[in-house]
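Novice: sequence and predicted structure are below.
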Amino acid sequence: MKIAHTVENGLGGMSAVARLEVYWERKLGHDARLVFRKDEGLGNREDVPIADFEFVKHCDVIVLHSLLDQNVLELGIPVVLVIHGTPEYCFSVTRMTPARPYSQVREIMASANCAGGISYWKRHIPYWEQLVLPNSLRFVHPSVDLEAFTPGPPEMSVFGGTEGEINIVSTGRWRLSHDPFHAVHAFGVFQKRFPQAQLHIVGASNFVALGQLIQAYTYRRCMGMVTPHTARLVDLYRSADVCITGHNDAGLTVREALACGCQVVGDTALEGTPYTADQYDLEAYADQIEQAYTERQTLGRDAISARNRKSAEEHFDPERTAEETLAVLGEIVNKAENVYVVRPAHSDDSKEIADSISNPSREQMDQAIGCTGVPA
């Protein structure tokens, strides 16, 4: 198959996921390529080629990673939407900011050329299914780049001279939902038990509020490195004692940390790690930080690193992800002679409904809810 994976640009976690998918689809014998909505000037790589829009026009199927790339819906080629954001996050952003990802998911999935969607999280699918056509979403296991993120010896220089005897890192992005807010406060509980601990925050932004906590931890002499990003994530995870997160989904930071052998503490039911607790219960979460740290000390860095690496390989195998994605895409391409459209139950004017989906009237909402997908 000729497969175009379209992303906003070559930056960030979404691009990293798409790039890994292209890499493995090519290893499995398919002509998969990345296409950026914005030209970042990265050029082609031998293992992951970057194509222009002409390739998109002649491919068999388009995998849409960015909600902003809706122009591909006009090409008459089957499109599969990968929904990266959590339902709650997309809803919160749509409600509280000018961006509207929650609405965009529904608009794209309602398009005549959208053949379905993919989610990397089973628990998200029942939420999205309230917005989209029944049985239009498929689950695919998440993946991690096991070749780039590997265990190795610590490199303490990554902390820029701020390291402590115990180094706890938070690398998750600060979002409107599921950010590290509770985890970094639980660190404060843990640090009272282990005064030699230092917290390092990567992914920090908007210091109007976060700056208050940073100042408090600085006063307590437990605030380490604070930075919006780092190019040395592998060294960071190899050198940290524990990585903390507020997620109960194994986001990219969790997967990469485990692949490097790092201990990970997360919210209840987080996949891939035994150290989980209700993030709203700071004492219970701090207990898990303590357990993750003390077991690392007791069992040894090498043994713990090997165990976490094995967990990453079992849970986040990129070849399995590519195989599952290819199965979904192959099924769609084989049915491509049927063009799927959205037809409102009581109106022939589906465009009017689509155009007003951001601020629909009650009558238009009733029409939209009655839409069904049928072959043209």
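Specialist: Here it is on my side, so go on. Numbering: from 1, shown residues only.
Novice: hmm, residue 13 and residue 7 touching each other?
Specialist: No - if you go by C-beta atoms under 8 Å, residue 7 and residue 13 don't touch, sitting 10.5 Å apart. (C-beta placed from N, C-alpha, C; glycine too.)
Novice: and those two? Which one has more around it.
Specialist: Legend: neighbour count by other C-beta atoms under 10 Å for residue 7 and residue 13, higher for residue 7 (28 against 14).
Novice: if that one is in a bridge, with which residues?
Specialist: residue 36 (DSSP bridges).
Novice: what pLDDT is listed against residue 364?
Specialist: Residue 364 is assigned 39 on the pLDDT scale.
Novice: all the strands of the stretch 251-376 of the chain, residue numbers only.
Specialist: Using DSSP state E, counting those that start in this stretch, the strands assigned to the stretch 251-376 of the chain run over residues 263-267, 275-277, 340-343, 372-375.
Novice: got the CA positions of the first one in CSV?
Specialist: Translated: strand 263-267. The C-alpha trace of strand 263-267 is given here as CSV (Å, rounded to 0.1, in the frame of the first residue of the first chain):
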residue,chain,number,x,y,z
GLN,A,263,11.0,3.5,37.3
VAL,A,264,7.6,5.0,36.6
VAL,A,265,4.8,6.0,39.0
GLY,A,266,1.4,6.9,37.6
ASP,A,267,-2.3,7.2,38.2
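Novice: name the helices or strands packed onto that strand?
Specialist: For strand 263-267, the packing partners by 3 or more C-beta pairs under 8 Å, 6 or more residues apart in numbering; DSSP states H and E come out as strand 242-244, helix 252-259, strand 275-277, helix 282-299, helix 301-315.
Novice: go again using 10 Å as the cut-off
Specialist: Under the contact criterion of 3 or more C-beta pairs under 10 Å, 6 or more residues apart in numbering; DSSP states H and E, strand 263-267 touches helix 181-193, strand 242-244, helix 252-259, strand 275-277, helix 282-299, helix 301-315.
Novice: and the host helix or strand of residue 168, what does it pack onto?
Specialist: Residue 168 is part of strand 166-170, with elements assigned from DSSP states H and E. On a contact count with 3+ C-beta pairs under 10 Å, 6+ apart, strand 166-170 meets helix 181-193, strand 197-202, strand 223-227, helix 233-239, strand 242-244, helix 252-259, helix 282-299.
Novice: tell me the mean pLDDT for the last one?
Specialist: Read that as helix 282-299. 97.
Novice: same check, this time on the fourth one
Specialist: Here the mean pLDDT over helix 233-239 is 97, rounded to a whole number.
Novice: restricting to C-alpha, output that helix in CSV.
Specialist: The C-alpha coordinates for helix 233-239 follow below in CSV (Å, rounded to 0.1, in the frame of the first residue of the first chain):
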residue,chain,number,x,y,z
LEU,A,233,15.6,12.6,27.2
VAL,A,234,17.4,9.3,27.0
ASP,A,235,20.1,10.5,29.4
LEU,A,236,17.5,12.0,31.7
TYR,A,237,15.6,8.7,32.0
ARG,A,238,18.8,6.7,32.4
SER,A,239,19.9,9.0,35.2
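Novice: packing partners of that helix?
Specialist: Here helix 233-239 touches strand 166-170, strand 197-202, helix 252-259, helix 301-315, going by 3+ C-beta pairs under 10 Å, 6+ apart.
Novice: tell me how far the nearest residue to residue 96 once chain neighbours are set aside lies from residue 95.
Specialist: What sits nearest to residue 96 in space, not counting adjacent residues and going by C-beta to C-beta, 6 or more residues apart in numbering, is residue 176, at 6.5 Å. The gap separating residue 176 from residue 95 is 9 Å, by C-beta to C-beta, to the nearest Å.
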